[in-house]
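>>> Got a sequence here, can you model it:
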Amino acid sequence: MFRSRRPGVAGFCYPAEPLALREAARRMGGPRAACAPAVAVIAPHGSWQQAERVLGAAFAGVRVPRRCIILGPSHAGAWSPSRIMVDGAYRTPLGEVPIELRAAEALRARCLFLHTDDRHAGEHAIEVVLPMLQQLGPADLTVVPVILGAATWQECSLLGQALAQVIRQQEEPVLLVASADWTHYEPEAIVRAQDAVLLEAAVKLDASRFWQETQSAGKVICGAAPVAAMLDAARRLGASTAAVAAYGTSADTGGDPASAIGYAGVIIR
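This is a model prediction of the structure:
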């Protein structure tokens, strides 16, 4: 049965009116003439009001292919299992994006800890990024959406290996997207200092070190597992360079500097 996952945060995290949403995504994506392929992108899933500069920079200059795999974190608590949609579609105000069935099934077969879920209820990390892919990618865009819950490093590494295998088997380019917001609810100076350490590991494509840094005491990162798995996969796929396209915090757009959130856009080639 075809199932369409309805948008849950349209009008709250990003514009609900299609014309306004398309114009905002077009503006954020910038000129497309010099776009080049990328292996992967790290993009924020904070509200567009706070994170649009960083979200736009993450995809500026990146050619979005027809097939994308998006990894997002669970917001349902540490107990939540990791979940994958293997059929149906993700819907935003810009329309429906079908699930890439064969790639999704192939990924699930290699990662038995991924539970099948046709709703991704209560999760926004993939939904917030998707309109950018719809605007910048081709009309026949397809996705494989994965929400990572209480993942271990072993599961992140296993997923990274599986992603690399599945992507190599595709007959056309695949863009891997990790949706993540970085240090949460700390004074802005601490957010920036902690995120600088994490970004250093990320741009070196050092998945193991990145994971270890996120697990140290006191760090709250919303997207550690998606980024770690993506970095592992990117290295296996032969990625050699990573650059921070933009960085900022919620305080940059009027948020409380005493309780800030970090946002980073990273392009990996």
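>>> can you give me the helices in the stretch 101-250 of the chain?
101-110, 125-136, 153-169, 188-203, 207-214, 224-236 (DSSP state H, counting those that start in this stretch).
>>> need those in a markdown table with distance to Ser47, can you?
(Each C-beta comes from the backbone N, C-alpha and C, glycine too.) Listed next are the helices of the stretch 101-250 of the chain as a markdown table, based on distance: least, C-beta to C-beta, whole Å:
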| stretch | distance to Ser47 |
| --- | --- |
| helix 101-110 | 28 |
| helix 125-136 | 8 |
| helix 153-169 | 27 |
| helix 188-203 | 17 |
| helix 207-214 | 23 |
| helix 224-236 | 19 |
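>>> Tell me which of the ones you listed sits most buried.
Of all the helices of the stretch 101-250 of the chain, helix 224-236 has the most neighbours on average by mean count of other C-beta atoms under 10 Å, namely a mean of 27.
>>> For that helix, enumerate the helices and strands it packs against.
strand 40-43, strand 67-73, strand 142-148, helix 153-169, strand 174-179, helix 207-214 (3 or more C-beta pairs under 8 Å, 6 or more residues apart in numbering; DSSP states H and E).
>>> Direction included, what does the second one pair against?
So the one you mean is strand 67-73. In the sheet, strand 67-73 lines up against strand 142-148 (parallel), strand 174-179 (parallel) (DSSP bridges).
>>> Can I get these in CSV including mean pLDDT and distance to Leu237?
Supplementary listing: these in CSV, determined by pLDDT from 0 to 100; distance: least, C-beta to C-beta, whole Å:
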stretch, mean pLDDT, distance to Leu237
strand 142-148, 96, 15
strand 174-179, 98, 8
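>>> Looking at these, spot the one closest to Glu52.
strand 174-179 (14.5 Å; C-beta to C-beta).
>>> Give me the contact list for that closest one.
Outside strand 174-179, the residues that touch it by C-beta atoms under 8 Å, 6 or more residues apart in numbering are 38-45, 62, 64-65, 67-73, 103, 125-126, 128-129, 133, 163, 167, 223, 226-227, 229-230, 233-234.
>>> Who is the residue nearest the centre of the chain paired with across the strands?
Centroid check for the chain by C-alpha atoms, centre = their mean gives Ser179 as the closest residue, at 2.1 Å. Beta-bridge partners for Ser179, by DSSP bridges, are Ala43.
>>> Please export the C-alpha coordinates of the host helix or strand of Val54 as PDB.
Val54 belongs to helix 48-59 when assigned by DSSP states H and E. What follows is helix 48-59, C-alpha atoms only, in PDB (Å, rounded to 0.1, in the frame of the first residue of the first chain):
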ATOM      1  CA  TRP A  48      14.600  28.200   8.900                       C
ATOM      2  CA  GLN A  49      14.200  31.400  10.800                       C
ATOM      3  CA  GLN A  50      17.300  30.600  12.800                       C
ATOM      4  CA  ALA A  51      19.300  28.300  10.500                       C
ATOM      5  CA  GLU A  52      18.500  29.400   7.000                       C
ATOM      6  CA  ARG A  53      21.900  31.000   6.300                       C
ATOM      7  CA  VAL A  54      23.700  27.800   7.300                       C
ATOM      8  CA  LEU A  55      21.200  25.500   5.600                       C
ATOM      9  CA  GLY A  56      21.500  27.400   2.400                       C
ATOM     10  CA  ALA A  57      25.300  27.400   2.500                       C
ATOM     11  CA  ALA A  58      25.300  23.600   3.000                       C
ATOM     12  CA  PHE A  59      23.700  23.100  -0.400                       C
END
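>>> That one - what's its average pLDDT?
In this model, helix 48-59 has an average pLDDT of 96.
>>> Likewise for stretch 199-219?
92.
>>> where are the low-confidence patches of the stretch 151-269 of the chain?
217-218 (pLDDT under 70).
>>> that's a strand at Val266, yeah?
Yes: counting by DSSP: H, G, I helix; E, B strand; the rest coil, Val266 is found in a strand.
>>> If anything else comes up later, I'll come back, but that's it for now.
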